[in-house]
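> here is a sequence together with a model predicted from it:
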Amino acid sequence: MALTGAFNLLRSRRGRASLSGLATQRDAVLRVVERDRDRPLASLVPQVSLPPTRKKKKGNAVKKSEVEALAVLCRSASEHAGFEPFAEQILAALGLLNGFCVDMATGEGKTLAAVLAAGTYALNGRRVHVLCPNDYLATRDHQLAAEILTPLEISSAVVTEASTTAERQQAYRQHVVHLPVHEITYDLMRDNLVLSADDETAPRLDVAIVDEVDAVLLDEATQPLVIARTSRSDDDHDRVELALARLVQELVPGKDFVTGGDSASFTDAGTARVEQELGIDNLFDPDHVELATAANLALHADRALTRDVDYVIENDQIQLISATRGRVVHRQRWPEGLHRAVQIAEGLLDGSSVEILDQLTIQEVAKRYDTCIGMSGSASLAAADLHERYQLLTARIPQRRELRRIDDPVELYVTAALRDAAAVERVAEAHRAGQPVLIGTQSVVQSESFAALLSEHGIDAGVLNAKNPEDEASVIAEAGQAGRVTISTQMAGRGTDIVLTEDAREAGGLLVVAIECYPSPRLDAQLRGRSGRQGDPGSSVVFASLEDPLFAGGLPADERDGDEEGRVTSAGVLAAVEQHQRMAEGRLLTQHEHAWAFTRVISEHRSTVLTSRRHLLAEPAAATRELLRHLESEEADAVATLLGDDLDQMCAHLALVEIDDAWSLHLAHLTALREGIHLRRLARLSPLAEFDREARAGFEMLLLRAATAAADRLAEAVRNNEIPPVVSRDPGALWAYRVMDPNWGSPEDKFLQFVGERLRAAITG
Ligand code: ADP
Ligand code: MG
């Protein structure tokens, strides 16, 4: 324990930096602002207008001209947006300009600091993307940016889900673009699927300033984002899935399957029924891996996921409820097999299936920017991880006004019921005193049951739940009114400003109550940080219980005894709580690293494919040379005659279409490979090495296969004496979504658990 403690301490120091060296520059900026106070802004603009071409520099050091530039931006902010930037915001902007992540508490004005930095980068000829958590914040923050930047002749734009291709193309030509992080990811993928260079949105990945950086670059970074299209599903496959779905509905809990926590698995009796249904001897025969996966998914879809808890049905579509955001999230799906199994269980199968054209993670996108930096109210706590995964250094900006929030230590109870009773009492007390209260829960179910509990005590709480996602920002914004009680999940409304009314301030400010510890001290800190904004009074407390999933590993017995209210008070408890959070964080990190290891292989393959695509788009004649190589010389001549002037365009077109099809197939192959690869561990092989080996083998001939297929199309055209039809790709037919891991972990982990011993027996026996 002592050793682990020392290790954690080391880990938590790593990745941190100090900005004290930038104080001189900050003061210089303030002096220039003061010096030019009486000169009209228009007269200052020419002296900071730097050449629009980008000079590639070593490092990020701010030059004197940048001090001048930053000063003019400050001036524009006070003149056109009515905000005189604080010294802390200037320091934060300097931090961003020097390549650091900045930790700046909630409510301290990160939006403006980022605009100052973005404008200064732009004046140095760089292109900046400010990556925001959602459309609402991108639009809000772009408005402020435009007010400040336009007078300085720095162009700016915003991209949201609703933006058309033409609007995106236009936006990416501007100096500073605000957009949700998933939009840039989708645009990069859609660009990889265009059949003509004119359709590319062509964002330049120069500087990214990531808002809520730890949430985006750590918590959500390895969740793949997908571009897909609908295609016809395979009838035989459908039949098997339907049969399995019907079967699992008839199974008897406890006899045919057992449930534990959020998951379910077949017993021997259940397995026998599956085998009987499918007409096979042994479900765990390596030849039946696909059937075993399907059976497992059918069982989970039916028994581990619940309508209105994990998902809702809207217009015959499954819409997921995010556990972390606690609301319906559009454009998200579970991994494909599970998603289909749920559709089938709900009778929503319509003969179509999803064909994944490409997938990309935020982590890969972030790494492709020349400079990627960010800001957040809890970045310091993530400094070690940001350093480990992105080689980023994080610096803390001191708070402008002293923090007046009082953070009470975690209150730990023996049972969840006692925990909730104590929390209700605390909420009621604050509510009576006129304090606004924000309650953070772990899940939608928990937020609803807690609201019910409060209502039994005569307290009406506003619940940000699954059914009102649109109101999120406004509900959170109003959470600062006297006596108001708001329940949400940890992520809800991040980035929304909670402004206290005067009454609320006098009553003691916002009380933040967390129900259960989050699996990381950083997430606890994010929630507590919603209170005490800009020197406001406020308080925060976490109510936890020994029954919380975080303590599933168990606390030492002597620390488990509660007092008469069931509160655990022994001295070691706090340390133990933190220890469990560290362990949970460590597990998450390992999971991310694991996911990344797989992603990297796909990423390498994609970049090879893309190089080839770009080459064909830019130089269609190269396609002609490549394709005609695969034909007999008479055939090649006939092709040239048939296609005439369109020869190069048509060859490039056919080659691109075939490459994209081959890539989509390759991705499907990799996905299937990854689902089953964990079984190799049972044969004492390394899943990753095996994945790597097989993935490479599958990729080896991809480009060659695509070229041969395209050449075949040409030969066929000659035989039929008919110009091949041009494939048109309607961007409207593509859809974009995130893949969300189900609450119970990744399907492959569950799968491994499920087969476990049985398969080992089958392999060795
Ligand atoms: P953060 O993202 O750091 O939580 P915001 O950027 O949302 O904070 O800003 C919080 C609040 O502070 C907003 O209401 C904003 O208008 C205000 N604010 C920011 N900078 C200044 C400034 N220089 N002067 C006055 N108010 C400011
Ligand atoms: Mg913000």
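Yep, it's here. Ligands and ions are numbered 1, 2, ... in the order given.
> following the lengthiest helix in the chain, which helix or strand comes up?
Counting residues, the longest helix in the chain under DSSP state H turns out to be helix 572-618. Scanning forward in sequence from helix 572-618 by DSSP states H and E, the next helix or strand is helix 620-628.
> mind saving the C-alpha coords of that next one as PDB?
Only the C-alpha atoms of helix 620-628 are listed here, as PDB (Å, rounded to 0.1, in the frame of the first residue of the first chain):
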ATOM      1  CA  PRO A 620      -6.400  10.500 -62.300                       C
ATOM      2  CA  ALA A 621      -3.900   9.500 -65.000                       C
ATOM      3  CA  ALA A 622      -2.100   7.400 -62.400                       C
ATOM      4  CA  ALA A 623      -5.300   5.300 -62.100                       C
ATOM      5  CA  THR A 624      -5.400   4.700 -65.800                       C
ATOM      6  CA  ARG A 625      -1.800   3.500 -65.800                       C
ATOM      7  CA  GLU A 626      -2.400   1.200 -62.800                       C
ATOM      8  CA  LEU A 627      -5.700  -0.300 -64.100                       C
ATOM      9  CA  LEU A 628      -4.600  -0.900 -67.700                       C
END
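> what packs against it?
In this structure, helix 620-628 packs against helix 572-618, helix 633-643, helix 647-677, helix 702-720, with contacts taken as 3 or more CB pairs under 8 Å, 6 or more residues apart in numbering; DSSP states H and E. To be clear about C-beta, it is placed using only N, CA and C from the backbone, and glycine gets the same treatment.
> how about those, which one is nearest ligand 2?
helix 572-618 (23.5 Å; CB to the ion).
> average pLDDT for the closest one?
Mean per-residue pLDDT for helix 572-618: 83.
> could you do stretch 449-461 as well?
When pLDDT is averaged over stretch 449-461, the result is 94.
> chain center to it: distance?
Taking CA atoms, centre = their mean, to the nearest Å, one finds the center of stretch 449-461 at 32 Å from the center of the full chain.
> cool, and stretch 405-424?
Taking mean C-alpha positions (CA atoms, centre = their mean), stretch 405-424 and its chain are 30 Å apart.
> what residues sit buried inside it?
For stretch 405-424, a neighbour-count test (16 or more other CB atoms under 10 Å) marks 405, 407, 410-414, 416, 418-424 as buried.
> so for the residue of the stretch 201-350 of the chain found nearest ligand 2, what's the pLDDT?
Nearest to ligand 2 in the stretch 201-350 of the chain, going by CB to the ion, is Asp211, at a distance of 5.8 Å. Asp211 carries a pLDDT value of 96.
> surely it is in contact with Leu131?
Yes. Contact status for Asp211 versus Leu131: in contact at 6.5 Å, counting by CB atoms under 8 Å.
> give me the more crowded residue out of these two.
Taking other CB atoms under 10 Å, Asp211 and Leu131 do not tie; Leu131 has more neighbours (28 against 24).
> secondary structure element for Ala202?
Per DSSP H and E, there is no helix or strand for Ala202.
> how about the residues of the stretch 351-500 of the chain by ligand 1?
The interface of the stretch 351-500 of the chain toward ligand 1, taken as CB under 6 Å from any ligand atom, is made up of Asp497.
> what about 8 Å?
Within the stretch 351-500 of the chain, the positions adjacent to ligand 1 are 375, 377, 495-497, 499 by CB under 8 Å from any ligand atom.
> and whatever residue of the stretch 401-550 of the chain ends up closest to ligand 1, what does it touch?
Closest residue of the stretch 401-550 of the chain to ligand 1, CB to the nearest ligand atom: Asp497 (4.5 Å). Asp497 makes contact with 107, 477, 533 under the criterion CB atoms under 8 Å, 6 or more residues apart in numbering.
> what is the burial count for the second one?
Residues contacting Ala477 under the criterion other CB under 10 Å number 15.
> can I get stretch 265-279 as CSV, trimmed to CA atoms?
The C-alpha trace of stretch 265-279 is given here as CSV (Å, rounded to 0.1, in the frame of the first residue of the first chain):
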residue,chain,number,x,y,z
SER,A,265,-24.7,-15.6,-19.0
PHE,A,266,-26.0,-19.1,-20.0
THR,A,267,-25.9,-22.0,-17.7
ASP,A,268,-25.2,-25.5,-19.0
ALA,A,269,-28.9,-26.1,-19.4
GLY,A,270,-29.2,-22.8,-21.3
THR,A,271,-26.3,-23.7,-23.5
ALA,A,272,-27.9,-27.1,-24.3
ARG,A,273,-31.1,-25.3,-25.4
VAL,A,274,-29.2,-23.0,-27.7
GLU,A,275,-27.4,-26.0,-29.2
GLN,A,276,-30.7,-27.8,-29.7
GLU,A,277,-32.2,-24.7,-31.4
LEU,A,278,-29.3,-24.3,-33.7
GLY,A,279,-28.9,-28.0,-34.3
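> buried residues in it?
265-267, 270-271, 273-275, 277-278.
> do stretch 289-307 as well
Buried, per 16+ other CB under 10 Å, within stretch 289-307: 289, 291-305.
> before we move on, what about stretch 24-32?
In stretch 24-32, counting by 16+ other CB under 10 Å, buried: 25-26, 28-30, 32.
> among those residues, name the ones in helices.
Going by DSSP H, the helices hold 25-26, 28-30, 32 from the buried residues of stretch 24-32.
> tell me which parts of this protein are close to ligand 2?
110, 495 (CB under 5 Å from the ion).
> closest to the centroid, which residue in the chain?
Glu220 (3.0 Å; CA atoms, centre = their mean).
> just give the nearest non-adjacent residue to that residue, would you?
Computed as CB to CB, 6 or more residues apart in numbering, the closest residue to Glu220 that is not its neighbour in sequence is Ile362, at 6.1 Å.
> so how far is ligand 1 from that neighbour?
20 Å (CB to the nearest ligand atom, to the nearest Å).
> what of Ala294?
Taking CB to the nearest ligand atom, one finds Ala294 at 46 Å from ligand 1.
> helix or strand: which one has that residue?
With DSSP H and E as criterion, Ala294 is part of helix 289-303.
> buried set for the next helix-or-strand element following that helix?
Moving toward the C-terminus from helix 289-303, the next helix or strand (DSSP H and E) is strand 311-314. For strand 311-314, the neighbour count (16+ other CB under 10 Å) marks Tyr311 as buried.
> give the rounded mean pLDDT of strand 311-314.
85.
> what's the answer for stretch 214-230, then?
Rounded mean pLDDT across stretch 214-230 is 86.
> now do the buried residues in it.
214-229.
> can you check stretch 588-608 too?
So, applying 16+ other CB under 10 Å, buried residues of stretch 588-608: 589, 592, 594-596, 598-599, 601-603, 605-606.
> give me the distance from it to the chain's centre.
15 Å.
> identify the residue spatially nearest to whichever residue of the stretch 351-500 of the chain sits closest to ligand 2, adjacent ones excluded.
Residue of the stretch 351-500 of the chain nearest ligand 2, by CB to the ion: Gly495 (4.3 Å). Nearest non-adjacent residue to Gly495, counting by CB to CB, 6+ apart: Leu137, 4.8 Å away.
> in what helix or strand does the one you found lie?
Short version, using DSSP H and E: Leu137 is in helix 135-149.
> and for the closest residue in space to Ser455 that isn't next to it in sequence, the neighbour number?
Leaving aside its sequence neighbours, Ser455 sits nearest to Ala461 (CB to CB, 6+ apart; 7.4 Å). By other CB under 10 Å, 21 other residues sit near Ala461.
> so what touches the helix holding Leu137?
So helix 135-149 is contacted by 73, 76-77, 80-81, 111-112, 114-115, 118-119, 122, 130, 132, 155-162, 175-176, 178-180, 211, 473, 495-496 (CB under 8 Å, 6+ apart).
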